[in-house]
Structures are given as structure tokens and as C-alpha cells.
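> How does the following fold in three dimensions:
(chains A and B)
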Amino acid sequence: MNEQIQEVLALTNRWVKRLSREKFSMLFTLIQPMLFWLIFFGNLFQRAADIQVVQAPNYMSFLAAGVVVMTVLNNGLAGGVDLLFDKENGFLERLMATPIRRSSVILSRFLFVMAITAMQILVILGVAFLFGVSAETGILGIALILVIGMLFGVGLTAISMAMAFSVKSHGDFFSVLGFLSLPMIFLSSALVPLAAMPGWMKSLAFFNPMTWVIDAIRPLILTGWSEALPQVAIALGVLALFDALCLYGGARAFRRSVG
Amino acid sequence: MSDAVAIEVKGLGKTYDTVTAVKNLSLSVMKGEIFGLLGPNGAGKSTTLRILITTLSPTSGSATIFGHDVAKEADTIRRMIGYVPQERAIDRFLTGREHLLLLADLYHLPKNEALTRIASLLKLVDLEEHADRVAKGYSGGMKRKLDIACGLLPNPKVLFLDEPTLGLDVQSRLNIWQYLRQLREQGMTIVMTTNYLDEADQLCDRIAIIDRGEIRAIGSPKDLKASLGGDGVWLTLGDPQPQVIETLSTALKALPFVRAIRPTPQGLDIRVDAPEKALPAILEATNRVGCLLDGIEYHRPRLDDVFVAHTGRSLKDQPSEPTT
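Residues are numbered from 1 along each chain as shown, chains lettered A, B, ... in the order given. Next comes the predicted model:
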């Protein structure tokens, strides 16, 4: 057990070092594109969005939950990229020839992606606060937002890693990534509540786990515990199923790839 | 070199979907020798190497390292071996020292031991000066040195190297050869793949020639060359008609120093014992039968001839792309 902790920490440390050595990538990890969504979309659609429809004091406060989950989505789906490069240049093979538990590589990646995502969520909530949006449920609510975000992120990162281990070239990987992310966002309650969607989009969004995650986080920011808790319970159920499926698929792809 | 067997491979096979990468491969590597897997790209060398370092599982047959099965006791194997992959497997954002520190943790070395070992390895491969620079700025030779230091970090019983000098300049190559010879002196067993004939010839104690997934010949470069039987004389004829070649063959067979004759598309490949006597005799015989000679080439047996003899083609004709 101690040995595995040593392995995971050493590998996680490598991801941190890599990020810190890439100055631009470090900068843009903190000042992330998702902030633009919050600031520009939030302010731009302020008057276009019907307060009655979004049921929030203003559009930005409605959008905050969506942007938090979009961050989780982006980080999760991109979570396998570094492993993809490791696989392609042979670094992964170097690691696999050492006496480490195979799972340590995966765990280090989860740990790193989750830590970065948590930091980014806090930055988003901080910026939202500057624009006058504060979580109704306070610190405890924010902690719960992080937990729900992490649970969603684990599944997404597993999908990403499964893809990294399965694809033949990194061109394939990025095509699938680009293809997945926008429909996931538009076919969810990130920008518009489910009730205000055209029927066919609503039915698709209903089966998007992202919808349920957003619908649990939104009341934690907007309304308060009494409305949030039932939604949180549903989201946890959805995430249990989602994560189980993703982790199962991820484990299979990993085993097929590295034995 | 002692008589102890370090690696024993028996009937090893690896099939991907429909492609057979390695077929019924058997060989043994002795403790303390440098063993080379020589062959063109795609011959199955890297597949064999990957099975031995446990990152690929065989579909048939078995391989053991010091008695431990690579498929069933992978973890034990991983603790005994060092691996030097091809040069691309360097993290360009980490410094040389950070590579070694990372691996030290993965091999679970105690901190103090790790630091001492890393310091001495950096010294061995002459990288002390550059140890704290990120690998992005390393030259090909420096990356290779770092790779070797990484491979040696666990103090392995067997060191595996994949194309250790691919794409390196002459000086760096000689340095790498120098390290490998030093390690052999210390009793380490070394297995490497190569598609360089001179490397196999000058560095390896024994080689296995692999082509299309099968072993074509195994032995020391010296024995393999000797097995060809004598020095080679190649005649290129001005008019290589079959009957001309036939007549000439008959005339040459009668000569005392000629051991074997084989027709080639351009003329004849002749094996001779005493070239200083054989060459004039061959020229004389060619004149006598009225054969127009376009060229004559003489050389001592080369490893490439061994390769040609066993695979029917020359290793030099292969395009030299990096192997996968």
C-alpha cells in the first residue's frame, strides 16, 4: 500500500511539473476559456434571456452552474490527452516496464485532473461572486458542488483515458473530443432550462447525465438546501450509474492496451 | 561470459488479429553476454523485446529470465530488468534528474539510496552538467545517455535496449558501445535490438538474425561469418546469359582454391580459400573461356553476407525508418 502511494505521488508530481513548465498552458489553465462563457454569455444574454424562463435573478446566476459543469466536462474529456502522448512516444511503455501497480498511472491522472478541476471551479465561483452571484448554500454548498463535480469528472476522465488507450492515432482522439463536447453542452440544461427547450432537444437532454448534474448544482447556487437536496440525491444516483459504466469501460480498454 | 543461462525463450509466438509478428522463436541468452537481435524493421525484434520486458504477452510459447516466467511472474521480472526504449520516450518537460527521481520512486528505492545512485549514474553517462536542464534542449546523444542511466537505475540483472544507437552521430555511438562493454565487464547481461550490421558485428557476443518473425541463424558474428565458408569473390559479367554463367562455373569449379559457386543475377558469387592465389586463377579462367568481365569484387565475409545467405536479401536494402 505504501508503495502504491509512493508511485501515485511520483506520477502525479510529474503531471504537475509538466503543467508548471508550460507557461502558457499554466496561465490558460487558471484564466480558462470557461470564464469567458460566464462573463460574456452571462452579460450578453442578460436581456435576451427571460427571467421568468430561467427562474433566476439574472442570466449569469443561472449560467454559473452550467459553466461549472462545462469546466468539469472539458477537463474530464481532455483528461486522457497526456496519456495518449505517453502512449505514442513510448513513455508509457517505460513506465509499464517498471514494477508499479498498473492502476497507479490511472490514479495519478484522476488525482491530477480532479485537483485542477476543483481549482478552476473555485476560480469560476470566485469570478461569479465578483459579478454579484453567491451560492445560497454557502461554504457547505460549495463543498458539495465540488464533490458532485468530481464525481462527474471521474466518469468523463475514464472515458477520455479509455479513448486514449483505444484510438489508433491522436487525430482520431481529437476528432471524437471535438465532436462530443458541443452537443453535450447544448443538449443539457447548461444554457437553457429543460422546460424551455424544443421537445426533441428536451428528450435528448433528459438522457444527458450533464443535465442532472447541472440541475443539482444550480439550486445549490440559486435557491437553497430545501430545493437542492432532492436534486442532489437524483444526481448522485445518476452519477453512480454513469461512473460505474465509464470505469468499467475504461478498465477494459486499459487492460486490453497494457495487459 | 559464464555458462549460466540468463534468458530462455521457447517456441515463442505473437499474433495480432491476423498478423503473425513472431513465430515459434527459441533462443537462449547466457549470463554476462551482449546478445543482439538483428533484423530489418518489422522483423519481430521489438515484439520479442516487448514480450521479454513484460509489456506484451505472448500468444504461444514461453520465456523465462533467470527461471522466472515473463508472462506469469511479470512483477518479479520487472524488478530484475532495466529497459532503454527508443529515444522519443523522454518527457521533454522534465529535467534529466527528474526522470531518474521519478523512476527511483517507481522502483521504490529509499530516498538516500536513490540520491547516491542517481549521482553516480549521472557521472557514469557524463550528464552531470546537464542534469538540471529540461530534456527539451538535449541532443540525441544526451537523450540516449539519459535513457541508459534510466535503464541502469534499478541496478538490473538484465538490461534491454531497443535500437540503442538509432540516429546517433558516430561519436555518441562509440560512447554508448563503450558503456555497454563496461557493463558487460561487470557481469551484466545485455539484450538489444539493432538493424545496424556493424553494431551487431562489433558489439554483440552473439546475435540472432530475425526476419519475418522467425530466427534464421544464431551464433557469434565470427562463427556466422565463418559458416559462410571462405572469402567472397563476386564477378559481374558483361553478358550474364545463363549458358555463359554455366560454362564459367564449370571452368571455375575445377580450380583448387574455389570452395563454392553460386550464380547471381549479374554473374557469380564465389567462395575461396586463399584469395591471393584464387584471384589470379579466377581471372585466368575467365579469360580462357572468353567471358567478358564487367567487374570483380573481393571481400572478407561480412555480416551482411550472412544475412543474405539466411534471408535471401540484404539488410542494407531496407529503408531505415524508425521501428515501431
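
> domain parsing for chain B?
Domain segmentation of chain B under automatic domain parsing yields B:5-223, B:229-300.

> mean pLDDT for those: which is lowest?
Looking over these, mean pLDDT reaches its minimum on domain B:229-300, with a mean of 84.

> what about residue B:61, which helix or strand?
strand B:60-65 (DSSP states H and E).

> Show me what that strand is in contact with.
Residues from elsewhere that reach strand B:60-65 (C-beta atoms under 8 Å, 6 or more residues apart in numbering or on different chains): B:6-15, B:24-26, B:51-52, B:69-71, B:77, B:80-81, B:157-158. The C-beta positions use only the backbone N, C-alpha and C, and glycine is treated the same way.

> which residues of chain A score low on pLDDT?
Counting by pLDDT under 70, the ranges of chain A that qualify are A:1, A:30, A:259.

> Can you name the residues of it that neighbour chain B?
A:3, A:6-7, A:9-11, A:13-14, A:17-18, A:21-22, A:89-91, A:93-100, A:258-259 (C-beta under 8 Å from any C-beta of the partner chain).

> how about the residues of chain B that lie near chain A?
Counting by C-beta under 8 Å from any C-beta, chain B comes close to chain A at B:50, B:53-57, B:75, B:78-79, B:81, B:83, B:85-86, B:88-91, B:93-94, B:98, B:101-103, B:105-108, B:134, B:150, B:154.

> Going through these, which ones are buried?
Among these, the ones that count as buried by 16 or more other C-beta atoms under 10 Å in any protein chain shown are B:50, B:53-56, B:78-79, B:81, B:83, B:85-86, B:89-91, B:93-94, B:98, B:101-103, B:105-108, B:134, B:150, B:154.

> Just to be sure, which of those residues are found in strands?
Taking DSSP state E as the definition of strands, these contribute B:81, B:83.

> May I have the residues that are in contact with residue B:204?
For residue B:204, the contacting residues are B:34, B:35, B:36, B:38, B:192, B:194, B:221, by C-beta under 8 Å, 6+ apart.

> wait, which of those is closest to residue B:242?
Residue B:242 lies nearest to residue B:38 out of these, by C-beta to C-beta, at 33.8 Å.

> Assess the claim that the closest one and residue B:191 are in contact.
No - contact between residue B:38 and residue B:191 fails when scored by C-beta atoms under 8 Å: they sit 12.0 Å apart.

> okay, those two: which has more neighbours?
In this view residue B:38 and residue B:191 are compared by other C-beta atoms under 10 Å in any protein chain shown, and residue B:38 has more residues nearby, 29 against 26.

> Which residues are in contact with that one?
Contacts of residue B:38 (C-beta under 8 Å, 6+ apart): B:45, B:193-195, B:197, B:200, B:204, B:207-210, B:303, B:307, B:315.

> So it versus residue B:165, what's the distance?
Remark: distance between residue B:38 and residue B:165 (C-beta to C-beta, to the nearest Å) = 13 Å.

> before we move on, what about residue B:272?
To residue B:165, residue B:272 is 34 Å away according to C-beta to C-beta.

> Identify, by residue count, the longest helix of chain B.
Longest among the helix segments of chain B by residue count, using DSSP state H, is helix B:170-185.

> Now do the shared contacts for residue B:38 and residue B:165.
Common neighbours of residue B:38 and residue B:165 (C-beta under 8 Å, 6+ apart) are residue B:194.

> List phi and psi for residue 234.
Picked chain A for this. Dihedral angles of residue A:234 (phi, psi; degrees, to the nearest 10) stand at phi -60, psi -50.

> wrong one, I was asking about chain B
Per degrees, to the nearest 10, the backbone of residue B:234 is at phi -110, psi 130.

> helix or strand for residue A:228, which one?
helix A:225-258.
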